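J.: fold the following for me, if possible:
(2 chains)
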2 protein chains.
Amino acid sequence: MAKKLLTTLTLMASMTAGAAFAGGHIEGAIKARQGQMQLYAHYLGILGGMARGNADYDAAAAQAAADNLLAVASLNAGSLWPQGSDMDSAEGTRAKAAIWENFPDVGAKSMALTSAAANMATAAGTDLDALRAAMGDLGGTCGACHKAYRGR
Amino acid sequence: MAKKLLTTLTLMASMTAGAAFAGGHIEGAIKARQGQMQLYAHYLGILGGMARGNADYDAAAAQAAADNLLAVASLNAGSLWPQGSDMDSAEGTRAKAAIWENFPDVGAKSMALTSAAANMATAAGTDLDALRAAMGDLGGTCGACHKAYRGR
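T.: So this is what the prediction gives:
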């Protein structure tokens, strides 16, 4: 986790310098991070469907969804969030400029998601009760970042 | 690799049965796998930009892009490709129905991508020549699947 944060912050700092990733890279980064969000939504949808009883609990499918969610949450954030890709500077994004002014907090929120996803990866294949118990924290970490850093 | 293929095929088989993931799940799965493709494009763009000399070679950034590409390529494909999410059955996708009729070939092409991404992860942080040498195979695995299984 500590290594991830360090890597994230180091990459974010290098993105701020921005030498190699200016210009047309912005649009691709926005699409890519939105792709990451779609993958989150997909895997959370599988887990949430089971948690709510809309789908039968399937230990193997739950474990696969949780493992994949953790892998997606463990991607380095740096290149996906280049300076200049906020909603005031670029089209097609609701990412507030505050993200780039609050790296320690953003890093902490990112780590909270990774940690909650790791807990889900431990719980999801155990049984439905364990899956349900891990859902709250996981959903909470999504909401915490969206509330602070996603515009309307 | 063998474990990934087995997991992929097992999940694909369970998706074919489709009990837990029918209906509204289709649209989310399509968006999620397109998100995966956007992430591929993003990381390949970073590596390709350096390979073509459009961006300065940066060993750390290249390594991060390659590591992330490998992570994205290592996601289980099963839940992202549910039966009924082909271009003849669903909106917003160019995935040919032939995918679901050729799981062994699709699995082999998926493994070729993962293998080429693993080679890139070994090469990218070494030097620019190594990165360039790994690009051809990697791009080739994308094209092989698109040529066979992506409609227009």
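
J.: the host helix or strand of residue A:28 close to chain B?
T.: For residue A:28, the host element (DSSP states H and E) is helix A:25-51. Yes: using Cβ under 8 Å from any Cβ of the partner chain, we find that helix A:25-51 touches chain B at A:25, A:28-29, A:31-32, A:34-39, A:41-43, A:45-46, A:49-50. Bear in mind the C-beta positions are built from the backbone N, C-alpha and C, glycine included.

J.: among these, which ones are buried?
T.: For the residues of helix A:25-51 next to chain B, a burial check counting by 16 or more other Cβ atoms under 10 Å in any protein chain shown picks out A:25, A:28-29, A:31-32, A:34-39, A:42-43, A:45-46, A:49-50.

J.: would you list the phi and psi of residue A:91?
T.: Note on residue A:91: backbone dihedrals following degrees, to the nearest 10 are phi -80, psi 150.

J.: what residue in chain A comes nearest to chain B?
T.: Of all residues in chain A, residue A:35 sits closest to chain B, at 2.9 Å by Cβ to the nearest Cβ.

J.: what sits closest to that residue if chain neighbours are left out?
T.: residue B:35 (2.9 Å; Cβ to Cβ, 6 or more residues apart in numbering or on different chains).

J.: and residue A:95, what are its phi and psi?
T.: phi -80, psi 120.

J.: check contacts around it.
T.: By Cβ atoms under 8 Å, 6 or more residues apart in numbering or on different chains, residue A:95 lies in contact with A:30, A:33, A:81, A:85-87, A:149-151.

J.: if you set the cut-off to 7 Å instead, what comes out?
T.: Residues near residue A:95 by Cβ atoms under 7 Å, 6 or more residues apart in numbering or on different chains: A:85-87, A:149-150.

J.: could I get the residues you listed as JSON lines with neighbour count, pLDDT and distance to chain B?
T.: Formatted as JSON lines, these follow (neighbours: other Cβ atoms under 10 Å in any protein chain shown; pLDDT from 0 to 100; distance: Cβ to the nearest Cβ, whole Å):
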{"residue": "A:85", "neighbour count": "24", "pLDDT": "97", "distance to chain B": "12"}
{"residue": "A:86", "neighbour count": "22", "pLDDT": "98", "distance to chain B": "17"}
{"residue": "A:87", "neighbour count": "17", "pLDDT": "98", "distance to chain B": "18"}
{"residue": "A:149", "neighbour count": "19", "pLDDT": "98", "distance to chain B": "19"}
{"residue": "A:150", "neighbour count": "15", "pLDDT": "97", "distance to chain B": "17"}
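
J.: distance-wise, check residue A:30 relative to residue A:104.
T.: 23 Å (Cβ to Cβ, to the nearest Å).

J.: compare the two (neighbour count), which wins?
T.: residue A:30 (23 against 9; other Cβ atoms under 10 Å in any protein chain shown).
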